[in-house]
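S.K.: Could you look at this predicted model? Sequence included:
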Amino acid sequence: MNLFADFRDTVAAAVAALQERGELPPDLDLERISVEPPRDPAHGHMATNAALVLARAARRRPMELAELLAGEITGAEGIIEVRVAPPGFVNVRLADELWRRQIPVVLRAGADYGRCDLGRGRPVNDEYCSANPTGPLHVGHGRGTVYGDALANLLDFAGYRVTREYYINDGGAQIEAMARSVHHRYRELLGDDPGPMPEGLYPLEELVPVAKAIVERDGDRWLGRPEEEWLEPFGRAGVEAMMVRIREDLAALGVRHDVFTSERELIAAGRIEEAIAFLEEKGLVYTGTLPPPKGRTMEDWEPTPQLLFRSTAFGDDVDRPLRRSNGAWTYFAADLAYHLDKIRRGADLLIDVWGADHGGYVKRMQAAVQALGEGRAELVVKLCQLVHLYAGGEPLKMSKRAGRIVWLRDVVEEVGRDVFRFIMLTRKNDAPLEFDLEKVVEQSKDNPVFYVQYAHARICSVFRNAEEAGCETDPAALAEVPLDGLRDPAELDLLRQMAGWPRLVEGAARSFEPHRIAFYLHDLAGAFHALWTRGKEEPELRFLLAGNPGLTAARLAMLAAVRTVIANGLRLMGVTPVEEMH
RNA sequence: GCGCCCGUAGCUCAGUCGGAUAGAGCGUCGGCCUCCGGAGCCGAAGGUCAGAGGUUCGAGUCCUCUCGGGCGCGCCA
């Protein structure tokens, strides 16, 4: 199924054979053996460092060992040349036939080509987006959302059991601020002039309809009433309305979470007390006084005894407060309950996708998961760096205070879901990303998504023509077609790139880096475009050859396979493999 | 002051659990449309991989330090 995995098996078999003959000691660590395509094609199709890695343990010179391995590998099926290169690489050239044979493999697997069992069904909880329900998603939220969603697709494809999760932060002070903001709007609507929106509240227009709905339902009964009466219902109305809006924003991006967990409900169900009791039993909770924060002058600093979690026992810098001085639980305390909840629901790999500004929170949360999961659960935090917005090359500063917020949905509607998602995945998550609204709207060739989609559309176009010419176009039938005619270097290069897809999936999943798909597809599309253009200069390289139905069928099989891989990659990214460009 | 992230071509960035002569797009310069879709292709120029040590057969990749940039640093989330 996977040529790279096959070659790894060949190497492993060679090592085993040498062990059998006493040329190599038993009990070798084979982990570090890698199998990869060499950067320089002159070195062949596959290379292994096995001799270099094993030399020390085997107490032999790498080149000598490489020769031995080469001897074992020589003659293995499909390998037409084995060479040893200093300082001890074994390079291998594969028969063209082996690459061609990937075509029916792809065609039979179809949408499953590249699927693997890296995850072995391991349950993973992927939490992403989780924006505060105090307003719609803005464009900055889009990055982590797309990243988390594509990662979920990728991990699912790699054999994990993925739960896509959204944590609703509906329990804290920011909800009270929103409640007051809604009440402010409520007073405005009823003509009870409250003046300008006070500092610290949310001047969002999106809260006006929330207030309006309350007026329609309850009239003026909350007017002049004390805050403790309306604070909760107003906050709840705000959260509900904003979550409706956020779900719309997510839908516009093509994102669907499996589980929405409410912080408020966790608190109401006493889950914080449960989590803390759990930690208390392990002696990880105590009352103490923290030292003042360093490097920042705090005028109102007073040493206060607080309930603390002993996160330093797990590598954190200081222990972390669980209760505020007013007795309320901290956000961290709720997060303990939440992560314990995720663990109890069965996940042993937790992924949190956060903005880069939460970097300071990573250590304590990992400490918490270690403690709560008793070492069985692992937390991976992926921080997404900022999106730098530009408009025609000019930096665009978002400012909540000035109301200059670029809403995610507006951008998605303007540039399209596909463009937005693809661009968000053209950087690794921990590097900042530049996003130019105008360039992206221009849909110019600066936009790699079109390059890839164009390749897919071109293949579809060939198939439309083939259909008209009466050629066989059914993938199942094309999987049976003789492929010997595919022998041009450009064709074989395309097939080699295509055959790298399963390996790419594994690597991307292993490192939680869906952006690798974007770069892979760009390269694959490039190999295809190059071949296409060759056909313009050399008519015998065209895909549809009126006088040669056999070769035409072989080429259609190749194209169908490439199309399948492009479509599979785009699907993981959540981008549509379009059949036509407009 | 401390912690985390980043520093690769003029610009924006890739670089496979360390692998051989470091790649792509954009920009610049020069070519390719009677013909399956030119939103494409081919070529050229462009690099002390921030700097210095270290580990290794081998370092852009791992470790230490320095410099530069970003984010964060009780009772906000």
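M.R.: It's in.
S.K.: From here on, just use CA atoms for contacts and neighbour counts.
M.R.: Will do.
S.K.: Backbone dihedrals for A:Val353, please?
M.R.: phi -100, psi 120 (degrees, to the nearest 10).
S.K.: ok, it touching A:Val362?
M.R.: No - in this structure, A:Val353 is not within contact of A:Val362 by C-alpha atoms under 8 Å, at 10.7 Å.
S.K.: Could you find the closest non-adjacent residue to A:Pro482?
M.R.: The shortest distance from A:Pro482 to any non-neighbouring residue, by C-alpha to C-alpha, 6 or more residues apart in numbering, is to A:Ala554 (6.4 Å).
S.K.: centroid residue for chain A?
M.R.: A:Leu151 (2.7 Å; C-alpha atoms, centre = their mean).
S.K.: List the contacts of that residue.
M.R.: A:Ala509, A:Phe512, A:Glu513, A:Pro514 (C-alpha atoms under 8 Å, 6 or more residues apart in numbering).
S.K.: Identify the residue nearest A:Ala275 in space, chain neighbours excluded?
M.R.: A:Ala275 sits nearest to A:Ala337 (C-alpha to C-alpha, 6+ apart), 5.3 Å away.
S.K.: Just the buried positions in the helix or strand containing that neighbour, please.
M.R.: A:Ala337 is located in helix A:331-344, with elements delineated by DSSP states H and E. By 16 or more other C-alpha atoms under 10 Å, the buried positions in helix A:331-344 come out as A:331-343.
S.K.: Wasn't A:Asp126 part of a strand?
M.R.: Yes - per DSSP: H, G, I helix; E, B strand; the rest coil, A:Asp126 lies within a strand segment.
S.K.: That one: neighbour count?
M.R.: As a burial measure, A:Asp126 scores 24 neighbours (other C-alpha atoms under 10 Å).
S.K.: Residues contacting the helix holding A:Ala337, please?
M.R.: A:125, A:172, A:263, A:266-267, A:271-272, A:274-276, A:321-323, A:350, A:365, A:368-369, A:372-373, A:377.
S.K.: Tell me the pLDDT of the residue nearest to the centre of chain A.
M.R.: A:Leu151 carries a pLDDT score of 96 in this model.
S.K.: now it, what's its secondary structure?
M.R.: A:Leu151 is classified as helix under three-state DSSP.
S.K.: show me the residues around A:Glu67 that make contact.
M.R.: Taking C-alpha under 8 Å, 6+ apart, one finds A:Val84 in contact with A:Glu67.
S.K.: in the host helix or strand of it, what's buried?
M.R.: Per DSSP H and E: A:Glu67 is located in helix A:62-73. The neighbour-count check on helix A:62-73 (16+ other C-alpha under 10 Å) flags A:Pro62, A:Met63, A:Leu65, A:Ala66, A:Glu67, A:Leu68, A:Leu69, A:Ala70, A:Glu72, A:Ile73 as buried.
S.K.: If we go by neighbour counts, what in the helix ranked longest in chain A is buried?
M.R.: Using DSSP state H, we find that the single longest helix of chain A is helix A:227-253. The neighbour-count check on helix A:227-253 (16+ other C-alpha under 10 Å) flags A:230-231, A:234-243, A:245-250, A:252-253 as buried.
S.K.: For the stretch 201-350 of chain A, which residue gets nearest to RNA strand B?
M.R.: Ranked by C-alpha to the nearest atom of the strand, the top residue of the stretch 201-350 of chain A for proximity to RNA strand B is A:Arg324, at 2.8 Å.
S.K.: quick one: pLDDT of that residue?
M.R.: At A:Arg324, pLDDT is 88.
S.K.: wait, it sits on A:Gln306?
M.R.: Yes - at 7.1 Å, A:Arg324 counts as touching A:Gln306 under the criterion of C-alpha under 8 Å.
S.K.: between the two, which one's more packed in?
M.R.: More crowded of A:Arg324 and A:Gln306, by other C-alpha under 10 Å: A:Gln306, with 18 against 14.
S.K.: Helix, strand, or coil at A:Leu350?
M.R.: Under three-state DSSP, A:Leu350 falls in the strand class.
S.K.: Tell me what it is bridged to.
M.R.: Beta-bridge pairing of A:Leu350 under DSSP bridges involves A:Asn125, A:Leu379.
S.K.: Surely it touches A:Val124?
M.R.: Yes - contact status for A:Leu350 versus A:Val124: in contact at 5.8 Å, counting by C-alpha under 8 Å.
S.K.: and the contacts of helix A:331-344, which of them are in helices?
M.R.: Mapping those onto helices (DSSP H) picks out A:Glu263, A:Leu266, A:Ile267, A:Arg271, A:Ile272, A:Glu274, A:Ala275, A:Ile276, A:Met365, A:Ala368, A:Val369, A:Leu372.
S.K.: Just the buried residues of stretch A:116-129, please?
M.R.: So, applying 16+ other C-alpha under 10 Å, buried residues of stretch A:116-129: A:Cys116, A:Leu118, A:Gly119, A:Arg122, A:Pro123, A:Val124, A:Asn125, A:Asp126, A:Glu127, A:Tyr128, A:Cys129.
S.K.: Count the residues that sit near whichever residue of the stretch 51-200 of chain A sits closest to RNA strand B.
M.R.: With C-alpha to the nearest atom of the strand, the shortest gap between the stretch 51-200 of chain A and RNA strand B falls at A:Gly172, namely 4.0 Å. Using other C-alpha under 10 Å, A:Gly172 has 16 neighbouring residues.
S.K.: Likewise for A:Arg458?
M.R.: 21.
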